[in-house]
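*Asks:* Here's my sequence, what's the structure:
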Amino acid sequence: MIKGGLVPGVNKRRLGDGESVGHARAPVKRQLRKIRSGQRVYLTSPDDRFAYGLQCVAVLRPVWDNDLMVFCLCIIARRLRSFALAIAACLLSTAALAQGGPPLLTDDPGTPGNQNWEINIGITDSGTHGRHTLETPILDLNYGAGDRVQLKFEVPWLVETGKGPTYSEAGSSLTGVKYRFFDQEKMHLDVATYPQLRLSSPGPGRIDEDNIEFLLPLEIVRTQGKVQLNWEAGYNFRQHGLDEWLFGFAVAYNGPGKWQWLAELHSVALRDFSDREFVFQAGFRRELSPHYSILFAAGRGLPASSDRQPDITGYVGLQLRLGKHVQDTP
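*Replies:* Below you'll find the model as predicted:
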């Protein structure tokens with residue numbers, strides 16, 4: 001950790017006009033070795049912290065040490081104070097530990113844990129202009145391949161009913177790999193990416209369009225006491241039609257009796273924002289045992305949405321947690 005003094009070779013040696021960051025790598029490497037060994041390292045003026053931070057980032061190609069990465073970024077952020085404050089405010093107001101995902105549309109960086117299964121079995125409803133599209137059921141299988149990796153497979157059975165004829169068919173399958181690349185327990189901050197591939201199932205395609213899609217989202221989660229905040233943003237590549245932007249913000253409150261109260265604002269927009277939908281949902285999770293939870297959410301489209309917004313949305317289901325390392329939720 002950085003305790004606070006003087007960094008030899010940094011305060012006394014500034015980069016010249018024709019000098020690159022690479023010229024200063026030797027003294028930086030020496031200081032990095034001191035940091036890793038736990039020795040005291042001191043930084044004085046903001047200019048020195050800024051220059052040293054840039055050099056650290058240049059030397060550390062991929063930075064796998066979370067503490068050291070945070071240190072380097074904080075050095076740069078101290079020099080760019082206004083920018084750092086804006087980023088911090090965004091993280092603190094939008095960033096939770098395992099409160100995204102079913103029954104919500106917004107996902108989170110949480111994973112089931114090494115060799116654990118998380119299975120969500122639910123029924124969803126999305127109604128637009130008198131027509132209801134039901135997933136009855138939707139099967140969501142998740143496996144923890146290590147503490148930071150989650151493997152996912154999801155497939156629904158679709159039923160469309162309401163005004164006009166009723167159709168029924170298999171929906172598109174969804175396969176994904178979630179990787180939580182930043183896991184800072186002291187800061188209660190997790191960041192993950194969750195690439196997912198959607199493939200159309202064989203069938204008539206009367207409900208679900210024949211398309212191939214690839215979603216690339218970024219998810220941030222932060223816990224503040226009993227309140228948890230979750231932010232997600234991503235880009236959806238589509239084989240046919242315009243690509244889409246995805247945004248989500250979810251809040252959870254861990255109440256007494258193992259009740260978790262949920263709310264979210266979720267949006268999907270075409271690449272050029274010519275068409276968009278905003279959905280607000282509220283719901284809960286109720287843990288019955290370390291292995292079972294009830295899931296519920298309901299909501300509706302907001303006035304700012306376009307004509308394709310759902311009039312109502314809903315999810316009700318059961319979550320199963322299986323494996324040797326499944327623990328009771330505090």
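
*Asks:* Can you identify each of the strands in this structure by residue range?
*Replies:* Assigned by DSSP state E, the chain shows strands spanning 117-128, 131-144, 149-162, 167-170, 173-184, 189-193, 196-199, 212-224, 227-238, 244-254, 259-270, 276-289, 292-301, 312-322.

*Asks:* Thought Glu232 was touching Val221, still the case?
*Replies:* No: contact between Val221 and Glu232 fails when scored by Cβ atoms under 8 Å: they sit 9.1 Å apart. In this view, the C-beta of every residue, glycine as well, is placed from N, C-alpha and C.

*Asks:* residues shared between the contacts of these two?
*Replies:* Here Val221 and Glu232 have Gly100, Asp108 as joint contacts, going by Cβ atoms under 8 Å, 6 or more residues apart in numbering.

*Asks:* quick revisit: among the strands of the chain, which is nearest Thr111?
*Replies:* In terms of Cβ to Cβ, the element of the strands of the chain nearest to Thr111 is strand 149-162, at 4.1 Å.

*Asks:* who's the residue nearest to Gln260 when sequence neighbours are not counted bridged to?
*Replies:* Nearest non-adjacent residue to Gln260, counting by Cβ to Cβ, 6 or more residues apart in numbering: Arg285, 4.3 Å away. Going by DSSP bridges, Arg285 is paired in beta bridges with Gln260, Leu295.

*Asks:* Tally up the residues packed near Arg285, please.
*Replies:* Using other Cβ atoms under 10 Å, the number of residues around Arg285 comes to 24.

*Asks:* pretty sure it contacts Ala297?
*Replies:* No: Arg285 is beyond contact range of Ala297, at 9.3 Å (criterion: Cβ under 8 Å).

*Asks:* Can you check which residues contact both of those two?
*Replies:* Residues touching both Arg285 and Ala297 (Cβ under 8 Å, 6+ apart) are Pro103, Leu262.

*Asks:* Excluding chain neighbours, what is closest to Asp107?
*Replies:* Closest residue to Asp107 in three dimensions, ignoring its sequence neighbours and counting by Cβ to Cβ, 6+ apart: Gly100, at 4.6 Å.

*Asks:* doesn't Asp190 make contact with the one you found?
*Replies:* No: Gly100 lies out of contact with Asp190 (Cβ under 8 Å); the separation is 10.7 Å.

*Asks:* hey, what's in contact with both of these two?
*Replies:* Common neighbours of Gly100 and Asp190 (criterion: Cβ under 8 Å, 6+ apart): Asp108, Gly110, Val221.

*Asks:* distance of the residue nearest to the first one when sequence neighbours are not counted from Asp272?
*Replies:* Leaving aside its chain neighbours, Asp108 sits nearest to Gly100 (2.8 Å; criterion: Cβ to Cβ, 6+ apart). Relative to Asp272, Gly100 is positioned 27 Å away (Cβ to Cβ, to the nearest Å).

*Asks:* And Arg238, by the same measure?
*Replies:* Relative to Asp272, Arg238 is positioned 13 Å away (Cβ to Cβ).

*Asks:* cool, Thr161 as well?
*Replies:* Distance of Thr161 to Asp272, given as Cβ to Cβ: 33 Å.

*Asks:* Between these two, point out the one with more neighbours.
*Replies:* Between Thr161 and Asp272, Thr161 has the larger neighbour count (other Cβ under 10 Å), namely 14 against 9.

*Asks:* which ones are touching that one?
*Replies:* Residues in contact with Thr161 (Cβ under 8 Å, 6+ apart) are Arg131, His132, Leu134, Tyr167.

*Asks:* could I get the residues you listed as CSV with neighbour count?
*Replies:* Supplementary listing: the contacts of Thr161 in CSV, determined by neighbours: other Cβ atoms under 10 Å:
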residue, neighbour count
Arg131, 14
His132, 18
Leu134, 21
Tyr167, 13
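
*Asks:* per-residue confidence at Leu302?
*Replies:* Leu302 is assigned a pLDDT of 88 by the prediction.
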